[in-house]
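Colleague: Okay, here's the prediction I keep looking at, along with the sequence it came from:
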Amino acid sequence: MGFVLRLLVNALALYLLTRVYGGVSFAPGADLLSVLIAALVMGIVNALVRPVLLLLSLPVNVLTLGLFTLVVNGVVLWLVAAATALNVAGFGAAVIGAVVLTVISWVLDAAVRALGLEKDQ
């Protein structure tokens, strides 16, 4: 998937997350640019910070059969909220929001593939 399309899908997923789940919201007065910046920061954090967190939490992740990844995803969402106009009600809300965001992103990715908007790599 191209960079711009991936950015737009992530931005839409973040926006839909704020509409579906009350624990995550954008700051009052946030506009489209704020949503796009949050999606860009989410991509950067997912590419740079999340692999390090997963590596550091590998023993706990093995013991919990991968369920600790949900906590890592919550930390990633919390970091994005700390750096952007995204607001998270707390750590529990970040973990639940990350799960909901994962489902929304999965559905949007499937829709992009079904519509044929994704270029083969």
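Modeller: Received, thanks. Numbers count the residues shown, from 1 in each chain.
Colleague: I'd like the distance from stretch 24-34 to the chain centre, please.
Modeller: Averaged C-alpha coordinates place stretch 24-34 at 15 Å from its chain's average position (Cα atoms, centre = their mean, to the nearest Å).
Colleague: first vs last residue of that stretch, how far apart are they?
Modeller: One end of stretch 24-34 sits 14 Å from the other (Cα to Cα, to the nearest Å).
Colleague: mind listing what's buried in it?
Modeller: For stretch 24-34, a neighbour-count test (16 or more other Cβ atoms under 10 Å) marks 24-26, 30, 34 as buried. Heads up, the C-betas are built off the backbone N, CA and C, glycines and all.
Colleague: Mark which of those are part of strands, please.
Modeller: 24-26 (DSSP state E).
Colleague: which ones are touching the nearest residue to Arg50 once chain neighbours are set aside?
Modeller: Excluding its sequence neighbours, the residue lying closest to Arg50 (Cβ to Cβ, 6 or more residues apart in numbering) is Val76, at 5.3 Å. Contact analysis of Val76 by Cβ atoms under 8 Å, 6 or more residues apart in numbering lists 42, 45-46, 49-50, 53, 98.
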